[in-house]
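Q: Pasting the sequence and the predicted model now:
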Amino acid sequence: MSPIDLAFFVLAAVAVLAGWRVFATDSMVRASFLLLVSFIAVAGIMLLLAAPYIGVATIFMMAVEMMVMALFMVAFMMNPAGLNPMMMVHQDRLAKVAGLAAFVALTAAVILTDLPDRAVSADASVIHDLGIELLGPSMLPFESAGVTLLAAMIAAVVLSARSGRFGPSDEGSRPPGLVPGGDPAGRIPDDERSDKTESGHHDEHES
């Protein structure tokens, strides 16, 4: 077995395992990063198959997309930072059947399809021609989308920051607890922490 074959099997295993963990984990943020790992492994397979443009583009696009998703989960989910346990799969039985059917169909398509085998000249400008074909008439919208995504990432970081234009963002708020009636998940607001400390000292003096 050559090093390329070994790398292919390792990347394939990582892609499948990370893809499975996306649905097995109980956190939206962890699911985002696991999906990113799966996509990076697939991009590595594309590089091994001598498709550098698709591989590198997949890494760049998925890295940005998954980071934006994770940041928005932290910023806007009612579930604190998207890190509390939650059910990630709905209609569990239907999802399993559909996933298995899709896997079997795609596997059969790959095995049974007579894929073309045409040699390409070593000096052919494949990457250049592919880039012109994909981005030639749409370079401005593509670059505009990149700037928009960058602005969205910056905005998500700003919105999720504690300090804001109008003071601390958690002033007067209390995160939900991990259990009903329990302590708030994550950082306890300063006013509650000070109240608990003062009441604790007061109880000690009374006892």
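A: Perfect, thanks for sending it.

Q: The residue nearest to the spatial centre of the chain: what's its closest spatial neighbour, skipping adjacent residues?
A: Nearest to the mean C-alpha position of the chain, counting by Cα atoms, centre = their mean, stands Ser32 at 2.2 Å. Distance criterion Cβ to Cβ, 6 or more residues apart in numbering; nearest residue to Ser32, sequence neighbours excluded, is Ala70 at 4.2 Å. C-beta: built from backbone N, CA, C; applies to glycine.

Q: quick one, what contacts the one you found?
A: For Ala70, the contact set (Cβ atoms under 8 Å, 6 or more residues apart in numbering) comprises Met28, Val29, Ser32, Phe33, Gly82.

Q: Out of these, which one has the weakest pLDDT?
A: Minimum pLDDT across those is recorded for Gly82, with 57.

Q: Show me what whichever helix or strand the residue nearest to the centre of the chain is part of is packed up against.
A: Element membership for Ser32 (DSSP states H and E) is helix 28-48. The elements that helix 28-48 packs onto, with contact taken as 3 or more Cβ pairs under 8 Å, 6 or more residues apart in numbering; DSSP states H and E, are helix 3-24, helix 52-76.

Q: buried stuff in that helix?
A: 28-47 (16 or more other Cβ atoms under 10 Å).

Q: is it true that the residue nearest to the centre of the chain touches Met66?
A: Yes - the pair Ser32 and Met66 qualifies as a contact (Cβ atoms under 8 Å) at a distance of 4.9 Å.

Q: Tell me which of the helices and strands packed on helix 28-48 is the most buried.
A: Most buried of the helices and strands packed on helix 28-48 by mean neighbour count (mean count of other Cβ atoms under 10 Å) is helix 52-76; its value is a mean of 17.

Q: could you check the angle helix 28-48 makes with it?
A: 180 degrees (axes from the mean of the first three to the mean of the last three Cα atoms, to 10 degrees).

Q: Which strands or helices does the helix or strand hosting Leu130 pack on?
A: Per DSSP H and E, Leu130 falls inside helix 126-135. Judged by 3+ Cβ pairs under 8 Å, 6+ apart, the packing partners of helix 126-135 are helix 52-76.

Q: All good on my end, thank you.
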